[in-house]
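# sequence first, predicted model second:
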Amino acid sequence: MDKCFLESEHKMCCCNCTHQIKIMKNPSNENDYANGTISSIMGYGCQVPGWNGTIFMDREHSMCEEYDEK
């Protein structure tokens with residue numbers, strides 16, 4: 001994990017949230033951004049239970065209203 005750039009708000013950062021997941025690349029994706037090995041991180045997602053979808057983030061550190069500490 002990279003050092004949290006939201007150090008003053010570290011406990012509320014997405015990097016410490018139970019809802020954050022890694023989104024991996026896939027070699028069959030046609031988009032250059034998403035094409036790669038399945039061990040390569042494309043970005044991060046927020047999967048809050050009860051939501052019908054995942055919110056995509058291009059970095060590990062962010063903040064939102066659905067924070068739930070690990």
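Yep, it's here.
# hey, let's count contacts and neighbours off CA atoms from now on
OK.
# can you tell me the centre-most residue of the protein?
residue 44 (2.0 Å; Cα atoms, centre = their mean).
# surely that residue is in a strand?
Yes: per DSSP: H, G, I helix; E, B strand; the rest coil, residue 44 lies within a strand segment.
# ok, for it, nearest residue in space, not its chain neighbours?
Leaving aside its sequence neighbours, residue 44 sits nearest to residue 22 (Cα to Cα, 6 or more residues apart in numbering; 4.5 Å).
# distance of the residue nearest to the centre of the chain from residue 13?
Look at residue 44 and residue 13: by Cα to Cα, to the nearest Å, they are 13 Å apart.
# I'd say the residue nearest to residue 44 and residue 40 touch.
No: judged on Cα atoms under 8 Å, residue 22 makes no contact with residue 40 at a distance of 9.6 Å.
# residue 11 belongs to a helix?
Yes: the assignment for residue 11 is a helix, going by three-state DSSP.
# that one and residue 27, how far apart?
With the distance defined as Cα to Cα, residue 11 ends up 35 Å from residue 27.
# swap in residue 42?
Distance of residue 42 to residue 27, computed by Cα to Cα: 12 Å.
# higher neighbour count, those two?
A direct count of neighbours by other Cα atoms under 10 Å for residue 42 and residue 27 places residue 42 higher, at 21 against 12.
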